[in-house]
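# How does the following fold in three dimensions:
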Amino acid sequence: MGKQKSIPFTLFRRSGTGNWSVRFSLNGRQIRATLGTPDEMAATTKAWTLWGEANYKAQNGISVVKKTFEEVAEEFITYFEGRVRRGEKSNHQLRDFPPVIRRYLVGFFGDKPIDTIRKSDLVRFIEWRKEYWVSGPGKDIERIHYVRNGKSLSRKVEHTIPSISRLKAELVIVKAVFDQAHDWEYIQRLEMPKLSVKQSAGQNRRPSFTPQEFEKLLNTSLERMLPHNLTGKGKMVVGDDGKTQRHERQNGHVLRDRARLHHFIEFMAASGLRPPEAKNLNWGDVSGWRDIRTKPLKDQSVVLEVHGKGKRGKAIPKFGAITALHGLWDLFKAETGSEPEDTDPVFADHNGNRIASFKNGFNELLLAAGLKTNNEGKARTTYSLRHFYISERLADGTDIYAIKTNTRTSIKMIENFYGQVDARRFSDQLADKDL
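Predicted structure coming up:
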C-alpha cells in the first residue's frame, strides 16, 4: 500500500475564536490566513484552496501576501512622492494623483484584495465614477476642502458628469497604480478598459468667443476700470461741492487688480498659452524683453519659453501680448518700487508674488459682460482665451502646423476640439465672386 501524502499546511484555532485558521510555508515565507468557519472539514477544503492559489501565484511571480487595494494605493502615493522629490515626476502630478486615488479609487475598491480585481471591476468603476457627483456618494457634498502650500482652501462642487477628457486623465492614474502593483508583483498585468462614448458632432468643442464677444469682453473690462464703477462699503462723505457720495477705501487696489486682469486677458488671447503655462511664466522666460522694450513698438517682438502640464516649448505671441507685457511691467514697478528680476513672475500681485489663478476675477467679468456661457450653455473659463486664440489663427488662414507648434498641441486636437470658426468668417473664400 502506497505511503499517504503529507498535508502541506497546519490547521489551528486562535484563542478566543471557534473558527479555524491555516498556516504553511512557501519559499521561506510563513503564510497565515483565517478560514472563517468552525467546521473542520470545510476549513480543510478552504485550506487546500488557499494553498493551491498561493503556489500558483508563487510559480507565476505574483506575491502570495494578500494586499488590499487601499494598502497598495497608500504605498503607491508614498512611492510617487519620492519620485517627485527626486525630480522624476512633476509637482502638478503630485497635486492631482493623491486626491483622485483616495476619493475615487479607494472609495470604490476599498479593502478589496487587489489581486482579485479584474477588468470587469474597472468597467463598473468607470460607471460609478460617472455618477459620483450626480447620484453617487458625492451628490450631497457641497464643498471640497483641501490644503495647498500650507493653506486650508475649499471649492464649490459641480454636480455634473465628468467630461470624457477628465475620465481619460483619471484612467491614466488608474493605470499607473495597477502597473506599479504589477511591478511589485502583487498582481498580474491588468488590461485597462477603453472609453468608447459616442458623442454628437461638436459636443466636445471648447467654449470660445466670437470676435464680437471678445470685443465686448474687453470693453466691459475697460469700463469696470473706471472709478465710478467700483463698488464697496466705504463711508458716505460730503464733498466740497456739498454732494454726498460713497468714499471707496480701496479704489487704487481694486483698479490695479482689474488692470492686471485686463492685461492677462490681452496676453492670453494674443499668445494662446494655457493658464498653468501663464502662471509659471517668469520675466526671464520672455526672451529678448529687456533688449526690445525701449524700442519703437513696431520693432518689438518676443519669444516665450513656456512650461506647464509636464510640457515645455516656445511660443511666439501676437502684438497684443507686447502691450500687455508693458502694462504688467509698469504695474510691478509701481507696486513693488523696483523693476522685475528674471526670476519674478510675469503675473504678480501687489507684493510681487505669483498669482495662482485669475479664475474668480475672470468669472466676475464674464458675468458683468453677460458672457459666462456660450450659445450652447457651456461655461467659459480662462482656457476659453486659448480656444479663442486658436480659432482666430484658423480663421485668418495661419497654417495649422504652425498653430500646432506654437500652442504645443496636436493637429488632431485642433481639428477635433478647436475648429469652431463660423463659416461666415470665410465668406470671401466661400463665395464665387466670378458669378
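
# From now on I want contacts and neighbour counts done on CA atoms only, so please keep to that.
Noted.

# what's the pLDDT at the closest residue to Asp344 other than its chain neighbours?
In this structure, Asp344 finds its nearest non-sequential neighbour in Asn282, 5.4 Å apart by CA to CA, 6 or more residues apart in numbering. Asn282 is assigned a predicted lDDT (pLDDT) of 97.

# and Asn282, what does it touch?
By CA atoms under 8 Å, 6 or more residues apart in numbering, the contact set of Asn282 is Asp342, Thr343, Asp344, Pro345, Val346.

# So what does it have for phi and psi?
Backbone geometry at Asn282, expressed as degrees, to the nearest 10, gives phi -110, psi 160.

# Give me the buried positions along the host helix or strand of Val72.
Counting by DSSP states H and E, the secondary-structure element that holds Val72 is helix 69-85. Within helix 69-85, the residues that qualify as buried are Phe69, Glu70, Glu71, Val72, Ala73, Phe76, Ile77, Phe80, Glu81, counting by 16 or more other CA atoms under 10 Å.

# Dump these into TSV; add distance to Trp48 as well.
Written out in TSV, the entries for the buried residues of helix 69-85 read as follows (distance: CA to CA, whole Å):
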residue	distance to Trp48
Phe69	25
Glu70	27
Glu71	26
Val72	27
Ala73	30
Phe76	32
Ile77	35
Phe80	38
Glu81	40
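
# Phe69 is in contact with Phe109, correct?
Yes. Under the criterion of CA atoms under 8 Å, Phe109 makes contact with Phe69 at 6.2 Å.

# related to what we said a few turns ago, which residues pair with the residue nearest to Asp344 across the strands?
Using DSSP bridges, the beta-bridge partners of Asn282 come out as Pro345.

# do the one 4 residues further on as well
Here Val286 sits in beta bridges with Leu304, as judged by DSSP bridges.

# And the buried residues of helix 69-85, which is closest to Gly36?
Proximity to Gly36 was ranked across the buried residues of helix 69-85 by CA to CA; first place goes to Phe69, at 21.2 Å.

# Secondary structure element for Gly138, which one?
Using DSSP H and E, no helix or strand contains Gly138.

# Number of residues surrounding it?
A count of neighbours around Gly138, defined by other CA atoms under 10 Å, yields 18.

# now swap in Asp121 and tell me
The tally of other residues near Asp121 (other CA under 10 Å) stands at 13.

# Make 308 the first number, not 1, from now on.
With 308 as the first residue, the last one maps to Asp428.

# sec struct for it, please.
Judged by DSSP: H, G, I helix; E, B strand; the rest coil, the three-state class of Asp428 is helix.

# how near is it to Asp422?
Shown here: Asp428 relative to Asp422, a distance of 12 Å by CA to CA, to the nearest Å.

# circling back: let me have the contacts of Asn589 in CSV, adding distance to Val407 as columns.
Output for those, formatted as CSV (distance: CA to CA, whole Å):
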residue, distance to Val407
Asp649, 35
Thr650, 32
Asp651, 32
Pro652, 29
Val653, 31
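
# which one among these gets closest to Leu401?
Of all the contacts of Asn589, the one sitting nearest Leu401 is Pro652; the distance, using CA to CA, is 22.3 Å.

# Helix or strand with the lowest mean pLDDT in the chain?
Counting by mean pLDDT, DSSP states H and E, the weakest-scoring helix or strand in the chain turns out to be helix 734-737, with a mean of 43.

# Can you show me the CA trace of the helix or strand containing Glu360 as CSV?
When elements are assigned from DSSP H and E, Glu360 belongs to helix 347-366. Included here for helix 347-366 are C-alpha records, laid out as CSV according to Å, rounded to 0.1, in the frame of the first residue of the first chain:
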residue,chain,number,x,y,z
GLU,A,347,-13.0,21.3,10.3
MET,A,348,-14.0,19.6,7.1
ALA,A,349,-15.0,22.9,5.4
ALA,A,350,-11.8,24.5,6.9
THR,A,351,-9.7,21.8,5.3
THR,A,352,-11.3,22.3,1.9
LYS,A,353,-10.7,26.1,2.1
ALA,A,354,-7.1,25.5,3.3
TRP,A,355,-6.4,23.3,0.2
THR,A,356,-7.8,26.0,-2.0
LEU,A,357,-5.7,28.8,-0.4
TRP,A,358,-2.6,26.6,-0.5
GLY,A,359,-3.1,25.9,-4.2
GLU,A,360,-3.7,29.6,-5.0
ALA,A,361,-0.5,30.6,-3.1
ASN,A,362,1.5,28.0,-5.1
TYR,A,363,0.1,29.2,-8.4
LYS,A,364,1.0,32.8,-7.6
ALA,A,365,4.5,31.8,-6.5
GLN,A,366,5.1,29.9,-9.7
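
# If you count neighbours, what's buried in it?
Ala350, Thr351, Lys353, Ala354, Leu357, Trp358, Ala361, Lys364.

# Return the residues in contact with the third one.
By CA under 8 Å, 6+ apart, the residues touching Lys353 are Leu342.

# Could you export the helix or strand containing Lys711 as PDB, CA atoms only?
Secondary-structure assignment from DSSP H and E places Lys711 in helix 707-714. C-alpha atoms of helix 707-714 as PDB (Å, rounded to 0.1, in the frame of the first residue of the first chain):
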ATOM      1  CA  ILE A 707      -2.400  74.500 -38.900                       C
ATOM      2  CA  TYR A 708       1.100  73.000 -38.400                       C
ATOM      3  CA  ALA A 709       2.300  76.400 -37.300                       C
ATOM      4  CA  ILE A 710      -0.600  76.700 -34.900                       C
ATOM      5  CA  LYS A 711       0.100  73.200 -33.500                       C
ATOM      6  CA  THR A 712       3.700  74.000 -32.900                       C
ATOM      7  CA  ASN A 713       3.100  77.400 -31.300                       C
ATOM      8  CA  THR A 714       0.400  76.000 -29.000                       C
END
